[in-house]
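Asker: Have a look at this fold, sequence not included:
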């Protein structure tokens, strides 16, 4: 007799696949995307705006998608300007960026100081939360651990289910402050680097958000270059519009009236998926494969030949994807990747990884041409192409790449959650049925045959 799990697997494959003709006939927007790959508009936000194309009316009255150099705006401010001013003024920017996203206004010095102090004072996690972290079974699932602890944080909130704006603001600021502490503690607990409550490094109020995480992770204050670069990474990943999968998930769950902890956990769950948060890890694995199989890293022809094999499903993981190249919205360029490339080179030279970085630059230059040649798509390196390399240059372990993404993006999630609660409309899209018609031939159990 067939195993019941195998039966379920076979029946799911039989009934759950969608006929392509039905998708076209009903004009179904799979993945909430139009036929040309652009996103379907489902809401309005003041938080993030992602620009990678525009629509132009043709002579015959039809619309055409036109590729553009990518731009990213936080509450109307260009990310390039935010990063440039923060760097030129020689200060850390994540605290200011979080304030901007939550309020849609830039803070003056007084308000920034107050907000920064508020974050710093909320970094510590309750002792019982530490015990939950330390008493979990041995594991290497950092995102699962993050989900568990963030979910448990509602236990320490006297009014966790409130959707009053003052409570939402308090909860969101508290979570933004605590994420670095939770991520660092989860890592140490899972690796056995630090055992017992007394061994966990307490966060410091006199360090910036970026400095504090690196301090809790490594036990010493980072050098200024590393701290500034890590801060910039947090700013670059803090927000990306309401349509990215994890933010949209947070908005969907928030629209039901779920509490802040459940809503933010839904974002963590979404980000754990390899198609969203795990991209930089995939890039690092792919580059290791290229380094092992391409003998002459300086030879454009040899590198191109191998990239073509990757795209043809004959090399690397045989997925047919050159990871880190291409994006759902950006086409000609990802502004975050352009910013990060310059800083990545700086830290690569500092840490003796210059030759390796040159290979990254070569792949970034050659891969888009190969993608366009073989698939007819305009593509460019995205932020994930360089982010894993940068984290590795800092000595950050690969298993923390995605939790750090969450640690940054929680600012955007929080801003969108508050906005969604204020807008107050339960999300409820419709689905067509894939069945050919209603079933009227119900058969009593005793007469049914095995499928």
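Answerer: That came through, no problem. No experiment lies behind these values; they were computed from the predicted model shown.
Asker: On the three-state scheme, residue 24 is what?
Answerer: When the structure is reduced to helix, strand and coil (DSSP: H, G, I helix; E, B strand; the rest coil), residue 24 reads as helix.
Asker: per-residue confidence at it?
Answerer: At residue 24, the pLDDT value in this model is 86.
Asker: Near it, how many other residues are there?
Answerer: Counted with other C-beta atoms under 10 Å, the burial measure for residue 24 works out to 10 neighbours. In short, each C-beta sits where N, CA and C put it, glycine included.
Asker: Check the gap between the residue nearest in space to the middle of the chain and residue 133 for me.
Answerer: Geometric centre of the chain, nearest residue: residue 277, 4.3 Å, by C-alpha atoms, centre = their mean. Distance, residue 277 to residue 133, by C-beta to C-beta, to the nearest Å: 21 Å.
Asker: Over to residue 273?
Answerer: As it turns out, when the distance is counted by C-beta to C-beta, residue 273 lies 23 Å from residue 133.
Asker: Looking at the two, which is more packed in?
Answerer: When residue 273 and residue 133 are compared for neighbours, residue 133 comes out ahead with 23 against 13, by other C-beta under 10 Å.
Asker: which residues sit in contact with residue 404?
Answerer: Contact partners of residue 404, counting by C-beta atoms under 8 Å, 6 or more residues apart in numbering, are 183, 213, 233, 234, 391, 396.
Asker: before we move on, what about residue 83?
Answerer: By C-beta under 8 Å, 6+ apart, residue 83 lies in contact with 93, 232, 235, 236, 339.
Asker: do the same with residue 213
Answerer: 180, 183, 184, 230, 404, 407.
Asker: just these now: which is nearest residue 308?
Answerer: Minimum separation from residue 308 among the contacts of residue 213 (C-beta to C-beta) is found for residue 404, which lies at 32.5 Å.
Asker: and the lengthiest strand in the chain, what other elements does it pack with?
Answerer: Counting by DSSP state E, the longest strand found in the chain is strand 63-74. For strand 63-74, the contact count by 3 or more C-beta pairs under 8 Å, 6 or more residues apart in numbering; DSSP states H and E identifies strand 48-57, helix 79-88, helix 94-103, helix 335-350 as packing neighbours.
Asker: Please produce a markdown table containing these, extended by distance to residue 292 and mean pLDDT.
Answerer: Putting the helices and strands packed on strand 63-74 into a markdown table (distance: least, C-beta to C-beta, whole Å; pLDDT from 0 to 100) gives the following:
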| stretch | distance to residue 292 | mean pLDDT |
| --- | --- | --- |
| strand 48-57 | 33 | 91 |
| helix 79-88 | 34 | 96 |
| helix 94-103 | 36 | 98 |
| helix 335-350 | 19 | 92 |
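Asker: Pick the most deeply packed of these.
Answerer: Of all the helices and strands packed on strand 63-74, helix 94-103 carries the top mean neighbour count, a mean of 24, counting by mean count of other C-beta atoms under 10 Å.
Asker: Which residues does it contact?
Answerer: Contact with helix 94-103 is made by 47-48, 74-75, 77, 82, 86, 106-107, 111-112, 115-116, 119, 169, 172-173, 176, 208-210, 231, 234-235, 238-239, 408, 411-412, 414-415, 418, as judged by C-beta under 8 Å, 6+ apart.
Asker: Quick check: next helix or strand after that helix?
Answerer: As assigned by DSSP states H and E, the chain's next helix or strand after helix 94-103 is helix 109-121.
Asker: Now for residue 350: which residues touch it?
Answerer: Contacts here follow C-beta under 8 Å, 6+ apart; on that basis residue 350 touches residue 225.
Asker: Can you pull the poorly scored residue ranges out of this protein?
Answerer: 1-2, 193-195, 451 (pLDDT under 70).
Asker: Identify the single longest helix in it, thanks.
Answerer: Across the chain, the longest stretch assigned as helix under DSSP state H is helix 165-191.
Asker: what angle sits between that one and helix 94-103?
Answerer: Using axes from the mean of the first three to the mean of the last three C-alpha atoms, to 10 degrees, the inter-axis angle of helix 165-191 relative to helix 94-103 is 140 degrees.
Asker: same for helix 165-191, what does it pack against?
Answerer: Packing partners of helix 165-191 (3+ C-beta pairs under 8 Å, 6+ apart): helix 94-103, helix 109-121, helix 127-134, helix 142-152, helix 209-218, helix 260-271, helix 401-423.
Asker: got the buried residues for that helix?
Answerer: Across helix 165-191, burial judged by 16 or more other C-beta atoms under 10 Å covers 167-168, 170-190.
Asker: now swap in stretch 376-391 and tell me
Answerer: Within stretch 376-391, the residues that count as buried by 16+ other C-beta under 10 Å are 378-391.
Asker: Next step: those residues restricted to helices.
Answerer: Among those, the ones falling in helices (DSSP H) are 383, 384, 385, 386, 387, 388, 389, 390, 391.
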